[in-house]
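In: give the three-dimensional model of this entry:
(one chain, ligands or ions: 1)
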Amino acid sequence: MIRPILRYGADTLHASASDVERFDDGLQRLIDDMVETMYAAPGVGLAAPQVGVAQRLFVADPSGGRSSDELIILANPHVLEEDGVQREEEGCLSLPGFTATVPRPTRLVLEGQDRDGTTIRLEGDGLLARVFSHELDHLDGTLFVNRLRGIRRDLIVRRVCKLQRLGKW
Ligand code: NI
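Out: Numbering: from 1, shown residues only. A predicted model of the protein is given here:
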C-alpha cells in the first residue's frame, strides 16, 4: 500500500526517531509499504518518519528499481566508517520541487539490522553514500534544507511558507 509522504513542516519529520524494537508483522507491512511508496514516488530512498512513523528505519535503491538486487532495507543504522566529502545536488520527497547542493561523505559503512532483525553491514560509495547520509539525517529529524546556511536556506523556507499559506503544500 502506498502511504502518503509527509512534507516539510510535519512534526514527525523534524523529531528524532526511536529504535525499531519489534521485527513483527506490523514492521514487515511497514517495510513493504515504504518500498512501494519509494518506487511509486519515484525516489531512491525513503525513511520511516517520512510516512509518519517515528522509527529508525529506511529503505533505499540507488537504481530507482531498475535493478532488482539493489534494494536496501536497514533498521537502527549507525555509522562505522566515514570518508571524504562530495558535493552534489540532491532533493527529498518531503520537499518536492526543491534541490540544493549538500556536502555528504563519499563513502560510508553502516551497521544495522535487516527486516528480520539480523545484524548486517553495508558499504556505500558515491550516490549510495549520499543516500545513506540523507536517510540517516531523516532519522534525526534533519532535512537537507537544515544543512544549508543563510540565504540558500531562507529562500527555500520562504517559498515553502508561501506555498503553505496558499494551501498548496
Ligand atoms: Ni529525504
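
In: contacts only, for the nearest residue to Leu122 once chain neighbours are set aside.
Out: The shortest distance from Leu122 to any non-neighbouring residue, by C-beta to C-beta, 6 or more residues apart in numbering, is to Leu110 (5.1 Å). C-beta coordinates here come from the backbone N, C-alpha and C atoms, glycine included. If a contact means C-beta atoms under 8 Å, 6 or more residues apart in numbering, then Leu110 has 74, 77-80, 121-124, 132, 136 as its contacts.

In: buried ones in the helix or strand Leu110 falls within?
Out: Leu110 belongs to strand 107-113 when assigned by DSSP states H and E. Of the residues in strand 107-113, those buried under the neighbour-count criterion (16 or more other C-beta atoms under 10 Å) are 107-110, 112-113.

In: bridged to the residue nearest to Leu122, which residues?
Out: Val79, Leu122 (DSSP bridges).

In: what's next to stretch 67-82, contact-wise?
Out: With contacts defined as C-beta under 8 Å, 6+ apart, stretch 67-82 is touched by 19-20, 23, 27, 31, 35, 55-63, 105, 107-115, 117, 120-122, 132, 135-136, 139.

In: how about a cut-off of 6 Å?
Out: The contact list for stretch 67-82, computed with C-beta atoms under 6 Å, 6 or more residues apart in numbering, reads 19-20, 31, 56-63, 105, 108-113, 115.

In: and the helices in this structure?
Out: 25-40, 127-139, 150-165 (DSSP state H).

In: format the ones you listed as JSON lines; extra columns: distance to His14.
Out: Converted to JSON lines, these look like this (distance: least, C-beta to C-beta, whole Å):
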{"stretch": "helix 25-40", "distance to His14": "19"}
{"stretch": "helix 127-139", "distance to His14": "10"}
{"stretch": "helix 150-165", "distance to His14": "12"}
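
In: looking at the ones you listed, which is buried most?
Out: The highest mean neighbour count among these belongs to helix 127-139 (a mean of 22), with neighbours defined as mean count of other C-beta atoms under 10 Å.
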